[in-house]
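Novice: no sequence for this one, just the structure:
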């Protein structure tokens, strides 16, 4: 069966076998997200080995910035992609084209505002995020370059989401792989050969995204595709903007909450750790490793999203349920792999980032603690994205808030008073446990009503 109809619409989403569709849509997304997570990990490795432990700590204090930027990008990208899938399922192709144009316009506006405002108050924000006098120069050098190119990042991520939703999962995967390959070439060149340090790593990131964005725009400018960039679709339409932002509110809150969480973690580690900068660097390493498996789960849910969204729009509820079951199975396999590696060989993994023995030991300890209930964290992610994909915005927002806002933040504020630095680390798996159980309860309740 061909992947798209003669009009360029992914009709097989309503007829093809679910397991085959998940392979077709999820595998490219998984590869893309794995590549994206490795892309961030590569930066950390090059920075740690080429610049030093303090640079890793400085990079860790930029994580809240990256999460906050991703929050605004995800609100538009995920919201627009979900709208696209539903409209394609309803055969409303004109509306789908306008949604694509509005997605581009909103990303330009949001990217400009976020980058401009952040640059004005950069030092103050980085201090608030946990930077010290020793690590601020590294954090500033990295974020200045990233923020100047913020529009590129927002468009790159937003258009990639549109490619997946419009029946081009492989092209979306290729876009991420192109970015990673470019970064693999440019980052060591800029850091080691040109001796540009952490600023060189950031510049490699932005140039890699710019190259990929050019290719993405070329793909979506093909007039032979029904869904493509053309005149008349960029003017903002209130009903589409409202739909994009309301659906995108759930991923926005997830990423915004992640920003707050990392700020509290950094501050807690600085306050309760024996060496604040090294404690934050340990979290930076452990977080990068766990992030790989979280990004793979995100790839699985991105593969699920167009299938669920299309079939929900077409009222094929049995296919919606089957897609969810198979996605959960994939997520459990991925998270079990992460659990086994983080519990079994964390020291070996940590040595890829640094040769500092104390940092290796502390990062390995953090990895072991953080991954205890990673499998339940995977279930919670799938459930949140599932409710988002079927336009059950309230449930998606509620689930997106439970782990980080209702559970993790209070735990981070309470446990360190009794357990010191360990209280910061153990807050993470406890929040995973409670929120994972809640997600299971909500999913069971959803299908009992049908």
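Specialist: Received the coordinates, thanks. These numbers were taken from a predicted model, which means no experiment stands behind them.
Novice: how close does the closest residue to residue 108 other than its chain neighbours get to residue 305?
Specialist: Computed as Cβ to Cβ, 6 or more residues apart in numbering, the closest residue to residue 108 that is not its neighbour in sequence is residue 151, at 5.9 Å. (C-beta placed from N, C-alpha, C; glycine too.) Distance, residue 151 to residue 305, using Cβ to Cβ, to the nearest Å: 25 Å.
Novice: ok, the two, which is more surrounded?
Specialist: residue 305 (27 against 19; other Cβ atoms under 10 Å).
Novice: so which helix or strand takes in that one?
Specialist: Here residue 305, judged by DSSP states H and E, is contained in helix 276-313.
Novice: I'd like the next helix or strand past that helix.
Specialist: helix 317-344.
Novice: which neighbouring elements make contact with that following helix?
Specialist: On a contact count with 3 or more Cβ pairs under 8 Å, 6 or more residues apart in numbering; DSSP states H and E, helix 317-344 meets helix 18-50, helix 276-313, helix 357-370, helix 374-389.
Novice: contacts for the helix or strand following it?
Specialist: Downstream of helix 317-344, the next assigned helix or strand under DSSP H and E is helix 346-350. The list of residues contacting helix 346-350 from outside it, by Cβ atoms under 8 Å, 6 or more residues apart in numbering, reads 285, 289, 341-342, 359-361, 363-365, 367-368.
Novice: mind listing the helices for the stretch 1-150 of the chain?
Specialist: Remark: helices assigned in the stretch 1-150 of the chain by DSSP state H, counting those that start in this stretch are 18-50, 53-60, 63-89, 93-120, 122-128, 136-148, 150-165.
Novice: distance between the last one and the chain's centre?
Specialist: Averaging C-alpha coordinates over helix 150-165 and over its chain gives two centres that are 12 Å apart (Cα atoms, centre = their mean, to the nearest Å).
Novice: same check, this time on the first one
Specialist: Remark: helix 18-50 is offset 10 Å from the chain centroid, using Cα atoms, centre = their mean.
Novice: what of the second one?
Specialist: For helix 53-60, the gap between its own C-alpha mean and the chain's C-alpha mean amounts to 21 Å (Cα atoms, centre = their mean).
Novice: tell me, what residue is most central in the chain?
Specialist: residue 295 (6.2 Å; Cα atoms, centre = their mean).
Novice: circling back to that earlier point, residue 228 is nearest to which of the helices of the stretch 1-150 of the chain?
Specialist: helix 93-120 (7.6 Å; Cβ to Cβ).
Novice: and the closest one, what does it pack onto?
Specialist: So helix 93-120, by 3+ Cβ pairs under 8 Å, 6+ apart, packs with helix 63-89, helix 136-148, helix 150-165, helix 238-272.
Novice: what's the closest of those to residue 189?
Specialist: Nearest to residue 189, of all those, is helix 136-148, at 15.3 Å by Cβ to Cβ.
Novice: mind checking the pLDDT average for that closest one?
Specialist: In this model, helix 136-148 has an average pLDDT of 93.
Novice: now do stretch 405-425
Specialist: Regarding stretch 405-425, the rounded mean pLDDT is 93.
Novice: for stretch 348-359, same thing?
Specialist: Mean pLDDT, stretch 348-359: 89.
Novice: so who does residue 264 touch?
Specialist: Applying Cβ under 8 Å, 6+ apart, the residues near residue 264 are 409, 412-413.
Novice: what about the residues you listed, which one has the most neighbours?
Specialist: For the contacts of residue 264, the largest neighbour count, defined by other Cβ under 10 Å, is 23 neighbours, found at residue 412.
Novice: and that one, what element?
Specialist: In this assignment (DSSP H and E), residue 412 forms part of helix 409-419.
Novice: contacting residues around that helix?
Specialist: Residues contacting helix 409-419 (Cβ under 8 Å, 6+ apart): 257, 260-261, 264-265, 268, 271-272, 423-424, 426-427, 430-431.
Novice: mind redoing it with 7 Å?
Specialist: Helix 409-419 is contacted from outside by 260-261, 264-265, 268, 272, 423-424, 426-427, 430-431, using Cβ atoms under 7 Å, 6 or more residues apart in numbering.
Novice: and these, which are buried?
Specialist: Buried residues within the contacts of helix 409-419, counting neighbours by 16 or more other Cβ atoms under 10 Å: 260-261, 264-265, 268, 272, 423-424, 426-427, 431.
Novice: ok, and for the lowest-mean-pLDDT helix or strand in the chain, which residues are buried?
Specialist: Here the helix or strand of the chain ranked lowest by mean pLDDT, DSSP states H and E is helix 18-50, holding a mean of 77. When neighbours are counted by 16+ other Cβ under 10 Å, the buried residues of helix 18-50 are found to be 18, 21-22, 24-50.
Novice: now it and helix 63-89, what's the angle there?
Specialist: 160 degrees (axes from the mean of the first three to the mean of the last three Cα atoms, to 10 degrees).
Novice: same for helix 18-50, what does it pack against?
Specialist: Secondary-structure packing of helix 18-50 (3 or more Cβ pairs under 7 Å, 6 or more residues apart in numbering; DSSP states H and E): helix 53-60, helix 169-188, helix 197-219, helix 276-313, helix 317-344.
Novice: give me the average confidence score over the second one.
Specialist: Think helix 169-188. Average pLDDT, helix 169-188: 86.
Novice: what's it in contact with?
Specialist: 24-25, 28-29, 31-32, 35-36, 38-39, 42-43, 46, 160, 163-164, 201, 204-205, 207-209, 211-212, 215-216, 219, 303.
Novice: try the first one
Specialist: For helix 53-60, the surrounding residues in contact (Cβ under 7 Å, 6+ apart) are 44, 47-48, 131, 134-135, 138-139, 142, 198, 266, 277-278, 280-281, 283-285, 353-354, 356, 359.
Novice: buried members of those residues into ChimeraX, please.
Specialist: Restricted to buried positions by 16+ other Cβ under 10 Å, the ChimeraX selection for the contacts of helix 53-60 reads:
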select :44,47,48,131,135,138,139,142,198,266,277,278,280,281,283,284,285,353,354,356,359
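Novice: got the angle between the helix holding residue 305 and helix 53-60?
Specialist: Relative orientation of helix 276-313 and helix 53-60, computed by the same axes, to 10 degrees: 40 degrees.
Novice: for the stretch 301-450 of the chain, give me the ranges with low pLDDT.
Specialist: For the stretch 301-450 of the chain, the stretches with pLDDT under 70 are 449-450.
Novice: repeat the analysis, applying 90 as the threshold.
Specialist: Within the stretch 301-450 of the chain, the segments meeting pLDDT under 90 span 301-323, 325, 352-358, 384-385, 387-406, 443-450.
Novice: does residue 263 touch residue 64 like I think?
Specialist: Yes: using Cβ atoms under 7 Å, residue 263 makes contact with residue 64 at a distance of 5.0 Å.
Novice: around the residue lying closest to residue 381 once chain neighbours are set aside, how many other residues sit close by?
Specialist: The spatial neighbour of residue 381 that comes closest, neighbours along the chain excluded (Cβ to Cβ, 6+ apart), is residue 297 at 5.0 Å. By other Cβ under 10 Å, 26 other residues sit near residue 297.
Novice: repeat for residue 214
Specialist: Neighbour tally, residue 214, other Cβ under 10 Å: 12.
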